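Engineer: Take a look and give me a structure for this.
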Amino acid sequence: MNIAQHNAELLFGTNLVAMVTPMRPDGTLDETGITSLVDHLLSTGCDGIVVGGTTGESPTLTEPEMAQLVRAVNAQSKNRARIIAGVGTYNTADSIRRARDAEAAGAHALLLVCPYYSRPTQAGIAAHCVAVADATELPVMLYDVPVRTGVALEAATLIELGAHPRIRAVKDAKGDLFEAMTVMSRTSLAYYCGIDELNLPYLACGATGVVSVVGNVIAHRNAELIRAVRGGDLGSANAIQRSLIEIVDAVMRTSQGAVMAKAALAELGIISHAGVRLPLIESPPAHRRRLTEALDTLSLAV
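Structural biologist: Purely as a prediction, here's the structure:
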């Protein structure tokens, strides 16, 4: 493990979960569900919880709700995991305000997505990221997910931003492994895989850890995968990854990750309701059947 990886582990963890946001049938935040889910994540080996990210339905969370969510997760985790708050929006001023609110609420780090919809230039993206990073004392993990934002963080931009003292990591959901290796070779940025289907390849290429949607259900298996890769046991790592293909497919390649992760947690009795906020809708029966079958392959269904 290099120094950058070691430092990133201290700041963000290694086995991160992009936590769903439990909600009641009326759409309000479910504090009981949040408590239960945090306990579940901690008991299954998660050492970093991303709160209010894409999987947490960040576009529909108000600023007060986001601060409430960070406080609730932080209170329940009792410093047993790093709390990384999703603060990125397409408005720099709003992102700065959310970052400061997250810091005040007890977050340990920030997750900052590219400004979406407006499609800024790379110079604009860099200026946005620096402005948010300068707004608090918290370390920042950039989130590169062009399929959602409409614009990618180019390698030159990542290298430039890697010189900022608080920008320390990248959640990579772009899927360009060669670019990831290039940036890692030229900066001290730690990489985290943000594509559950590619956790093993990213770890094998030098990623520090994962930020997993499916980890809401199988964080313990992700922990095993990370240990196997770090131990040089690629045979075991391959076996673990292949054993997860069914659940990854059911969660990530049917309705939508946030929708299906909630459905899985509800089926397992960890949260009481799988409801999501519009424009997301709950999964149809066919997708739920596919999910149940996948859970059965893990011997997790209750």
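
Engineer: average pLDDT for the helix or strand encompassing residue 219?
Structural biologist: Per DSSP states H and E, residue 219 falls inside helix 215-230. Computed over helix 215-230, the mean pLDDT rounds to 98.

Engineer: Tell me how far it lies from the chain's centre.
Structural biologist: Relative to the centre of its chain, helix 215-230 is centred 14 Å away, using Cα atoms, centre = their mean, to the nearest Å.

Engineer: Measure how far stretch 36-46 is from the centre of its chain, please.
Structural biologist: 15 Å.

Engineer: now swap in stretch 45-52 and tell me
Structural biologist: Per Cα atoms, centre = their mean, the centroid offset for stretch 45-52 relative to its chain is 7 Å.

Engineer: which residues are in contact with that stretch?
Structural biologist: By Cβ atoms under 8 Å, 6 or more residues apart in numbering, the residues outside stretch 45-52 that reach it are 12-19, 21, 38, 41, 56, 58, 61, 66, 69-70, 73, 77, 80-87, 107, 111, 209, 211, 215, 219-220, 222-223. In this view, the C-beta of every residue, glycine as well, is placed from N, C-alpha and C.

Engineer: Pull the number of nearby residues for residue 275.
Structural biologist: By other Cβ atoms under 10 Å, the residues close to residue 275 number 19.

Engineer: all helices for the stretch 201-302 of the chain, in order.
Structural biologist: 215-230, 234-243, 245-252, 257-267, 285-297 (DSSP state H, counting those that start in this stretch).

Engineer: brain fart, the stretch 51-200 of the chain
Structural biologist: Using DSSP H, counting those that start in this stretch, helices in the stretch 51-200 of the chain cover 63-77, 92-105, 122-133, 146-149, 155-161, 177-186, 199-204.

Engineer: Tell me which other helices or strands the fourth one touches.
Structural biologist: So that's helix 146-149. Applying 3 or more Cβ pairs under 8 Å, 6 or more residues apart in numbering; DSSP states H and E, we find helix 146-149 packed against no helix or strand.

Engineer: before we move on, what about the third one?
Structural biologist: For helix 122-133, the elements it packs on are helix 92-105, strand 109-113, strand 140-144, helix 155-161, judged by 3+ Cβ pairs under 8 Å, 6+ apart.

Engineer: circling back to that earlier point, closest to residue 33 out of the helices of the stretch 51-200 of the chain?
Structural biologist: helix 63-77 (10.1 Å; Cβ to Cβ).

Engineer: So which bits of the closest one are buried?
Structural biologist: 66-74, 76-77 (16 or more other Cβ atoms under 10 Å).

Engineer: Any chance you could list what contacts that helix?
Structural biologist: 19, 21, 29, 31, 34-35, 38-39, 42, 49, 51-52, 56, 58, 61, 83, 85-87, 94, 97-98, 101-102, 104-107.

Engineer: The same query, at a cut-off of 7 Å, please.
Structural biologist: 21, 29, 31, 34-35, 38-39, 42, 49, 51-52, 83, 85, 97-98, 101-102, 105-107 (Cβ atoms under 7 Å, 6 or more residues apart in numbering).

Engineer: Now that we have those residues, which of them are buried?
Structural biologist: If we count by 16+ other Cβ under 10 Å, these have these buried: 21, 29, 34, 38, 42, 49, 51-52, 83, 85, 97-98, 101-102, 105-107.

Engineer: Show me what the helix or strand bottoming out on mean pLDDT in the chain packs onto, helices and strands only.
Structural biologist: Least confident element among the helices and strands of the chain, by mean pLDDT, DSSP states H and E: helix 3-12 (a mean of 82). Contact here means 3 or more Cβ pairs under 7 Å, 6 or more residues apart in numbering; DSSP states H and E; on that basis helix 3-12 packs against strand 82-86, strand 167-172, strand 190-193.

Engineer: tell me the angle of it relative to helix 215-230?
Structural biologist: 160 degrees (axes from the mean of the first three to the mean of the last three Cα atoms, to 10 degrees).

Engineer: which is the next helix or strand following helix 3-12?
Structural biologist: Helix 3-12 is succeeded, C-terminally, by strand 15-18 (DSSP H and E).

Engineer: Can you give the distance from that following strand to the centre of its chain?
Structural biologist: The answer for strand 15-18 is 5 Å, by Cα atoms, centre = their mean.

Engineer: pLDDT averaged over the helix or strand just after it - what is it?
Structural biologist: For strand 15-18, the succeeding helix or strand toward the C-terminus, using DSSP H and E, is helix 31-43. In this model, helix 31-43 carries a mean pLDDT of 97.

Engineer: The residue lying closest to residue 206 once chain neighbours are set aside: how many residues sit nearby?
Structural biologist: Spatial nearest neighbour of residue 206, chain neighbours left out: residue 184 (5.4 Å); criterion: Cβ to Cβ, 6 or more residues apart in numbering. Residues lying near residue 184 (other Cβ under 10 Å) number 23.
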